[in-house]
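Here's my sequence, what's the structure:
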Amino acid sequence: MAKTVDNPRGYFESTLIGPINNSLLNLTNSSWDKPPIGLIDWNQGKYLNIASNNRENFKEYALRNDWVDKDPRLSITAPLFQHLLLKRVPYSISVRNPIEVASSLYYRDGILMSKGLLLWFLYNRHCSEILDPKQDSLFSYEHLIAAEKNQMANLLEQSKRQWPNLFAEDNINACILEAHQHSTSLELRRNRAGANSTDLKLVESEPLLNHCTKLYAQLSTGGFNLGLYKELFHEIPGFIINDYHTILGHGEPSLEYIRNHHIKAIENSIQGISVECSTGSLEIDQTIISTYAELLESFHQLKQEIPVISELNNKLIGVEQLDQLKIELAEAISQRNEAMAALNNLKNSFTWKISSPIRKILDRLKLLLR
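Residues are numbered from 1 along each chain as shown. Below is the predicted model:
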């Protein structure tokens, strides 16, 4: 995704993973801003076919482990990527205060506060189902931004576990601290609205607000324990099930739509840009995406014309078949008329008349035999 005013360093979302994730969500009749309430069975053929078709594009991801990718949609689609990569990669989840998430979405995209809260719950709920305490890590977004000691220690431990040979033991901590300082400058945090009383008044669903804040408070008290996280988000309250369509049915966020409209063709495509085309430069990648989108748009237009041409061909074939049937019907009528004429000639013949008594005797014998 391109840089924006609210995120001046960019989103760091893969131009390879993003389009496939959008296609997968499309296939489940959902989207990033309308995630499914239930878990998706990614073992179905229609999903596995996407994994199979994209393995060549992801060969660098499959054969190496010195990479990191970020896409919130992976919260939902991660199980499918195990089929695509033929391996299970570790996940790191950062949990942010639900009020701050909802406020950020409200100010950035005009998403209603209740919808933002429901998105927070559903994404965390999907995350909680895929996490494995033996491989994955859970972080507090706020504590991680503040470089809280335990959170940084957890990050260090996961980095050492995942890339034991990538850093020397004596400088890995320094590398993390330096990267952290560079990535969390105050001037970069443009989308922090904060949880103020005005924002809280905008929340339409009080039960949802109470539930989300309660979950976050329990997580915070429990030290953002991964086991507790899985336990807290395992159940879906009845009011969320009842209000799901109402809360999420407020339409597409206009700002998000405008921002991504020029790559609409890619989002609707099953295949994304291959890893060879991804340069690592956002500006160049955007040019690639734009060109690729134009090609796909042309492809989709041609694809839409194929059914029309096919239908015309079918109609032409239908006309030819109809003409042939008419010829066959005319021949059948002619044969019938000839047969009727022959029958009439037979009935009027001397032989037919003289054999009439014999036919009557034979008809009576048939009746007696019956």
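
Can you show me the CA trace of stretch 132-150 as PDB?
Extracted in PDB, the C-alpha atoms of stretch 132-150 (Å, rounded to 0.1, in the frame of the first residue of the first chain):
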ATOM      1  CA  ASP A 132       0.200 -21.900  19.200                       C
ATOM      2  CA  PRO A 133       1.800 -21.100  22.600                       C
ATOM      3  CA  LYS A 134       4.800 -23.200  21.600                       C
ATOM      4  CA  GLN A 135       5.600 -21.200  18.500                       C
ATOM      5  CA  ASP A 136       3.800 -17.800  18.600                       C
ATOM      6  CA  SER A 137       4.000 -14.600  20.600                       C
ATOM      7  CA  LEU A 138       1.500 -12.100  22.000                       C
ATOM      8  CA  PHE A 139       2.400  -8.500  22.700                       C
ATOM      9  CA  SER A 140       0.700  -5.500  24.100                       C
ATOM     10  CA  TYR A 141       0.800  -2.800  21.400                       C
ATOM     11  CA  GLU A 142       1.000   0.000  24.000                       C
ATOM     12  CA  HIS A 143       3.700  -1.700  26.100                       C
ATOM     13  CA  LEU A 144       5.700  -2.600  23.000                       C
ATOM     14  CA  ILE A 145       5.600   1.000  21.700                       C
ATOM     15  CA  ALA A 146       6.700   2.100  25.100                       C
ATOM     16  CA  ALA A 147       9.600  -0.400  25.000                       C
ATOM     17  CA  GLU A 148       8.400  -2.000  28.200                       C
ATOM     18  CA  LYS A 149      11.100  -4.400  29.500                       C
ATOM     19  CA  ASN A 150       9.200  -7.700  29.500                       C
END
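
Tell me if I'm right that residue 119 and residue 35 touch.
Yes: the criterion here is CB atoms under 8 Å, and residue 119 meets it with residue 35 at 6.9 Å. For every residue, glycine as well, the C-beta is placed using N, CA and C.

The stretch 1-150 of the chain: helices as residue ranges?
With helices called from DSSP state H, counting those that start in this stretch, the stretch 1-150 of the chain shows them at 17-27, 45-54, 59-63, 74-85, 98-109, 113-130, 141-145, 149-162.

of all these, which lies closest to residue 244?
Of all the helices of the stretch 1-150 of the chain, helix 113-130 sits nearest to residue 244, with 7.4 Å by CB to CB.

List the buried residues of the closest one.
Residues of helix 113-130 classed as buried by neighbour count (16 or more other CB atoms under 10 Å): 113-128, 130.

I'm done for today, thanks for sticking with me.
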